[in-house]
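*Asks:* Need coordinates for the following:
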Amino acid sequence: MAKVVSMRTDVTTLSSSVGTVIDLSRYKRGAYVCVSNVHMCMETFDDQSFRSVVNSADLVIPDGRPISWAQKLLGYSNAEQVRGQDIMNEICRLSGKESLTIGFYGGESDEVLAQVVSNLESTFPDIKIAYTYSPPFRPLTSDEDEQVVKEINDLGVDVLFVGIGCPKQERWMAEHKDRVQCVMLGVGAAFDFISGSKKHAPRWMQKVGLEWLFRLVSEPRRLWKRYLKQNPRFVYYFVQQWLFGRKFD
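*Replies:* As a prediction, the model looks like this:
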C-alpha cells in the first residue's frame, strides 16, 4: 500500500486486481473498489469525509498514469497502472468461466446502458448480465433505493459496475456496502467508452500520461475547471511529499 498525498492506493497489477475482485465476490457480502486518478486524489485531500470513503475501500487501483508514477517515485518499483476500463473488460471476459453475474448501475441514459450491454455481449458471448439500471438525475427516494438493493441481491449480482462519476459513485458504494451482497467497482466514464459515446485517448497518450489532455480537448467546457484546478495542485503537494517527506493525514 502506498499513500499518494492523502489517498491510500494499492500497488497492484491487472491480474492481481481481478483476482482480488473475484475473491471478494465469493464472500457474498458488500465490498467496493475505487479506481483512482488525480481528480480523486485531490478530492480526498480537500474533503475529509470523502478521504474516509476512499481510504476505507477494499481496493484502490491506480487508474491514472500519474498515480502509478507517484507510487514508483515513492519507492514501489513494481507499481503498474491498472486502468478501470481494463479491469472491467477482464472481469466481463471471465464472467462465464468464473460464474460471475454482472450488474450495471449508472450511465447517462437507458439507451447508453443498453448499448453498453449490447457491445459487451457481442465482445464476450459468455458474459452473464443480470441487472442494469440507469438512475435519474436526482436522489432516489427511500423506496426506490430499497428496490434497487432488493433487485441487486435477488438477482444474485456478484460484481456491480457503478458509473455515476466521482465522487458521487464512491459515496454511493460506501453507503450501500452493508446492504448489497456483491463487489462494487466505481468505473466513472467507462460506460461511455464502451457504448461509443466517448472516445479513448490513443495508446501513446495513455502511456505518457496525457490521457487527461485528450479528454480536456474532447470535453473542454465540462473538464477545464477540474484540470486547471487539480493537476497543478497535485504536482505541488506530491512534490512536497516526495522530496520533503511532508505527510497529509
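*Asks:* where do the helices sit along this protein?
*Replies:* Using DSSP state H, the helices of the chain run over 14-26, 38-46, 48-55, 65-73, 84-94, 110-123, 142-154, 168-176, 190-195, 203-207, 211-218, 220-244.
*Asks:* Mean pLDDT lowest where, among those?
*Replies:* When mean pLDDT is averaged over each of the helices of the chain, helix 211-218 scores lowest at a mean of 67.
*Asks:* closest to Val4 out of the helices of the chain?
*Replies:* The closest of the helices of the chain to Val4 is helix 65-73. By Cβ to Cβ, the value is 4.6 Å. To be clear about C-beta, it is placed using only N, CA and C from the backbone, and glycine gets the same treatment.
*Asks:* returning to what we had before: I'd like the helices of the chain as CSV, with mean neighbour count and distance to Tyr32 appended.
*Replies:* Below are those laid out as CSV (neighbours: other Cβ atoms under 10 Å; distance: least, Cβ to Cβ, whole Å):
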stretch, mean neighbour count, distance to Tyr32
helix 14-26, 18, 9
helix 38-46, 22, 13
helix 48-55, 17, 9
helix 65-73, 21, 18
helix 84-94, 20, 13
helix 110-123, 16, 20
helix 142-154, 14, 13
helix 168-176, 20, 4
helix 190-195, 23, 15
helix 203-207, 12, 25
helix 211-218, 16, 24
helix 220-244, 14, 23
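*Asks:* In TSV: those helices, plus distance to Val162.
*Replies:* Output for the helices of the chain, formatted as TSV (distance: least, Cβ to Cβ, whole Å):
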stretch	distance to Val162
helix 14-26	13
helix 38-46	14
helix 48-55	13
helix 65-73	20
helix 84-94	11
helix 110-123	12
helix 142-154	11
helix 168-176	5
helix 190-195	10
helix 203-207	23
helix 211-218	20
helix 220-244	20
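*Asks:* for those, which one sits closest to Met184?
*Replies:* So among the helices of the chain, helix 168-176 is nearest, using Cβ to Cβ, at 4.4 Å.
*Asks:* any idea how far that closest one is from the chain center?
*Replies:* 11 Å (Cα atoms, centre = their mean, to the nearest Å).
*Asks:* Can you give the contact residues for it?
*Replies:* Helix 168-176 has contacts (Cβ atoms under 8 Å, 6 or more residues apart in numbering) with 30, 32, 34, 40, 50, 53-54, 56-57, 106, 149, 162-164, 184, 186-188.
*Asks:* Stretch 108-119 now?
*Replies:* For stretch 108-119, contacts defined as Cβ under 8 Å, 6+ apart pick out 104, 106-107, 129, 132-134, 191-192, 194-197.
*Asks:* ok, which pair from the residues you listed is furthest apart?
*Replies:* Within these, Tyr133 and Gly196 form the most distant pair, 20.4 Å apart (Cβ to Cβ).
*Asks:* Lovely, talk soon.
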